[in-house]
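[1] sequence plus predicted model, see below.
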Amino acid sequence: MEYLGYSASILIGVSLGLIGGGGSILTIPILVYLFRVNPEQATSYSLFIVGSTALFGSYSHYKMGNLKIKSALCFAIPSVISILIIREIIFPHIAATLFSIASYSVSKDLLIMVVFSVLMIAASISMIRKNNCGMRSIPTNYIQLSIIGFSVGIITGFLGAGGGFLIIPALLFFANLSMKQAIGTSLLIITINSSIGFAGDLYIGSPIDFPFLFGITAMALIGMFIGTQISRKIDGARLKPLFGWFVLIMGFYIITREVWFSN
């Protein structure tokens with residue numbers, strides 16, 4: 001299973017390189033089901049893996065001229081605030097077992113995986129549907145961009161998800177960016193959000209297996225290089241629906257497994 005996990009980790013980078021998101025959607029299931037990492041720890045590991053991989057991708061897009069720094073910071077700063085609130089104040093105080101009904105108990109780990117699977121299903125629908133919002137020419141709405149950034153930070157803090165599938169539509173709608181600019185700027189935002197979130201976990205003393213993390217990250221970086229090279233020749237928007245169907249299937253698999261077979 002570990003060999004399969006390392007091989008699957010390449011897809012994390014491929015996804016980020018091609019469509020500017022989806023890395024965490026793959027990272028959490030890979031860590032939980034292939035490497036047997038508990039879901040709470042997986043959210044922390046995901047921040048490091050996705051953040052490191054996105055950093056490489058954002059640099060590549062910077063060289064291609066696809067980064068919009070002002071939009072990235074406007075989105076990322078409120079995101080960082082909500083991430084720190086969730087991971088350092090709220091998350092540590094959530095009980096391991098939330099409640100029980102007869103012999104069925106709902107744990108924090110179960111809640112993480114169920115919420116994550118619902119998010120996967122919602123994200124997959126947005127990937128599958130055609131989206132032409134980037135073709136409009138409108139002024140950048142920095143206030144709405146900041147509000148959405150704060151909301152995405154809540155998701156990143158709770159689930160360890162970079163939120164690229166939410167960031168990109170926000171950049172297309174409210175920052176008036178092209179698809180390639182939205183992908184590059186999304187990677188920078190994911191880098192900032194994930195790095196701050198992981199740094200917060202280090203600060204509160206979460207146990208981290210760095211050799212393991214470096215191994216997964218190395219494979220994801222290989223995938224990022226592959227995805228970035230492919231994106232130069234193929235528009236990531238064309239591949240997004242295919243990835244969306246894969247995410248949809250994975251989302252239903254996770255919610256079925258966790259709800260019906262976890263107790």
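    Perfect, thanks for sending it.

[2] what number of residues lie near Ala199?
    Number of residues near Ala199 (other C-beta atoms under 10 Å) recorded here: 14. Quick note: C-beta positions are derived from backbone N, CA and C, even for glycine.

[3] let me redo that: Ala54
    Neighbour tally, Ala54, other C-beta under 10 Å: 31.

[4] is Phe99 in a helix, a strand, or coil?
    strand (DSSP: H, G, I helix; E, B strand; the rest coil).

[5] can you tell me the closest non-neighbouring residue to it?
    Sequence neighbours aside, Val106 is the residue nearest to Phe99 in space, at 5.6 Å (criterion: C-beta to C-beta, 6 or more residues apart in numbering).

[6] could you do Thr53 as well?
    Leaving aside its sequence neighbours, Thr53 sits nearest to Ala220 (C-beta to C-beta, 6+ apart; 4.4 Å).

[7] for stretch 1-12, what does the pLDDT average out to?
    For stretch 1-12, mean pLDDT is 86.

[8] could I get the buried residue list for that stretch?
    Gly5, Tyr6, Ala8, Ser9, Ile10, Leu11, Ile12 (16 or more other C-beta atoms under 10 Å).

[9] all helices for the stretch 51-200 of the chain, in order.
    Assigned by DSSP state H, counting those that start in this stretch, the helices in the stretch 51-200 of the chain fall at 69-84, 108-128, 142-159, 164-174, 179-203.

[10] reformat these as CSV; add distance to Phe252.
    What follows is the helices of the stretch 51-200 of the chain, written out as CSV (distance: least, C-beta to C-beta, whole Å):
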stretch, distance to Phe252
helix 69-84, 28
helix 108-128, 7
helix 142-159, 17
helix 164-174, 17
helix 179-203, 25
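
[11] nearest to Glu40, of these?
    helix 108-128 (6.1 Å; C-beta to C-beta).

[12] next, the buried residues of the closest one.
    Buried residues in helix 108-128 (16+ other C-beta under 10 Å): 108-110, 112-114, 116-117, 119-121, 123-124, 127-128.

[13] roughly how far does Thr27 sit from Ile12?
    5 Å (C-beta to C-beta, to the nearest Å).

[14] can you list residues touching both of those two?
    Common contact partners of Thr27 and Ile12 (C-beta atoms under 8 Å, 6 or more residues apart in numbering): Ile49, Val50, Ala220.

[15] right, and the second one touches Thr27 too?
    Yes. Using C-beta atoms under 8 Å, Val50 and Thr27 qualify as a contacting pair, with a distance of 5.8 Å.

[16] and these two? Which one has more around it.
    Per other C-beta under 10 Å, whichever of Val50 and Thr27 has more neighbours is Val50, with 38 against 30.

[17] what pLDDT does the more buried one get?
    On the pLDDT scale, Val50 gets 88.

[18] contacts only, for Gln41.
    By C-beta under 8 Å, 6+ apart, the residues touching Gln41 are Leu31, Ser206, Pro207.

[19] make a markdown table from the residues you listed and add neighbour count, secondary structure and pLDDT to it.
    Shown next, in a markdown table, are the contacts of Gln41 (neighbours: other C-beta atoms under 10 Å; DSSP: H, G, I helix; E, B strand; the rest coil; pLDDT from 0 to 100):
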| residue | neighbour count | secondary structure | pLDDT |
| --- | --- | --- | --- |
| Leu31 | 25 | helix | 92 |
| Ser206 | 16 | coil | 76 |
| Pro207 | 7 | coil | 84 |
